[in-house]
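Undergrad: here are the coordinates; sequence isn't available:
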């Protein structure tokens, strides 16, 4: 009998219950399991106990903000793709998240399609990274691809900031 494929898993970290529910609604047909947390501290308990393919996290939250959460996840050695949510115009914080190794950023006022595309891209990379853990060559290739995609997101954001300044 062939090995059963693992379920895809997404962690949504957002302090606003309505936004968290909306994000869950957007993503439910693209992921097998969605776990929710209202801040970075609560999310850390999930990250320590289980593996996720992608984390979608707000930046501004009480107790532990998204940047501290991302830094802590990275300090644990987890390379889980991270998509950060920012308030419209909060480009400085988004740049900080990308420099910490976030995969992408989206604003809270993004269209459904943008949210789905970003998170699905991160899910794909996350699943491939998880599947290639025991293949050093493939794993290194995927880590480089992840870094390149993160850099591309950073360049896109810098262009947005530049255009706004002109």
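TA: Yep, it's here. Quick caveat: nothing in here was measured; it's all calculated off a predicted structure. Numbers count the residues shown, from 1 in each chain.

Undergrad: For the protein, just list every one of the strands.
TA: Secondary structure of the chain (DSSP state E): strands at 9-13, 33-37, 54-58, 82-86, 104-107.

Undergrad: I'd like these as JSON lines, with mean pLDDT, mean neighbour count and distance to residue 22 appended.
TA: Glycine gets a C-beta too; all of them are placed from N, C-alpha and C. Formatted as JSON lines, the strands of the chain follow (pLDDT from 0 to 100; neighbours: other Cβ atoms under 10 Å; distance: least, Cβ to Cβ, whole Å):
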{"stretch": "strand 9-13", "mean pLDDT": "97", "mean neighbour count": "26", "distance to residue 22": "10"}
{"stretch": "strand 33-37", "mean pLDDT": "97", "mean neighbour count": "17", "distance to residue 22": "12"}
{"stretch": "strand 54-58", "mean pLDDT": "97", "mean neighbour count": "28", "distance to residue 22": "12"}
{"stretch": "strand 82-86", "mean pLDDT": "92", "mean neighbour count": "26", "distance to residue 22": "11"}
{"stretch": "strand 104-107", "mean pLDDT": "88", "mean neighbour count": "22", "distance to residue 22": "13"}
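
Undergrad: can I get the ones you listed in TSV with distance to residue 75?
TA: Output for the strands of the chain, formatted as TSV (distance: least, Cβ to Cβ, whole Å):
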stretch	distance to residue 75
strand 9-13	17
strand 33-37	18
strand 54-58	14
strand 82-86	13
strand 104-107	21
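
Undergrad: so which of those comes closest to residue 45?
TA: strand 33-37 (7.9 Å; Cβ to Cβ).

Undergrad: what about the closest residue in space to residue 47 that isn't next to it in sequence, neighbour count?
TA: Spatial nearest neighbour of residue 47, excluding adjacent residues (Cβ to Cβ, 6 or more residues apart in numbering): residue 73 at 5.8 Å. Summarising burial for residue 73: neighbours were counted as other Cβ atoms under 10 Å, giving 24.

Undergrad: any idea how far residue 73 lies from residue 28?
TA: Noted for residue 73: a distance of 23 Å to residue 28, by Cβ to Cβ, to the nearest Å.

Undergrad: Over to residue 112?
TA: Counting by Cβ to Cβ - residue 112 and residue 28 are separated by 12 Å.

Undergrad: got it, and residue 123?
TA: 13 Å.

Undergrad: One more: residue 60?
TA: Where residue 28 is concerned, residue 60 sits at a distance of 25 Å (Cβ to Cβ).

Undergrad: Now do the same contact list for the closest residue in space to residue 78 that isn't next to it in sequence.
TA: Leaving aside its chain neighbours, residue 78 sits nearest to residue 47 (6.7 Å; criterion: Cβ to Cβ, 6+ apart). Applying Cβ atoms under 8 Å, 6 or more residues apart in numbering, we find residue 47 in contact with 11, 55, 73, 76, 78, 80.
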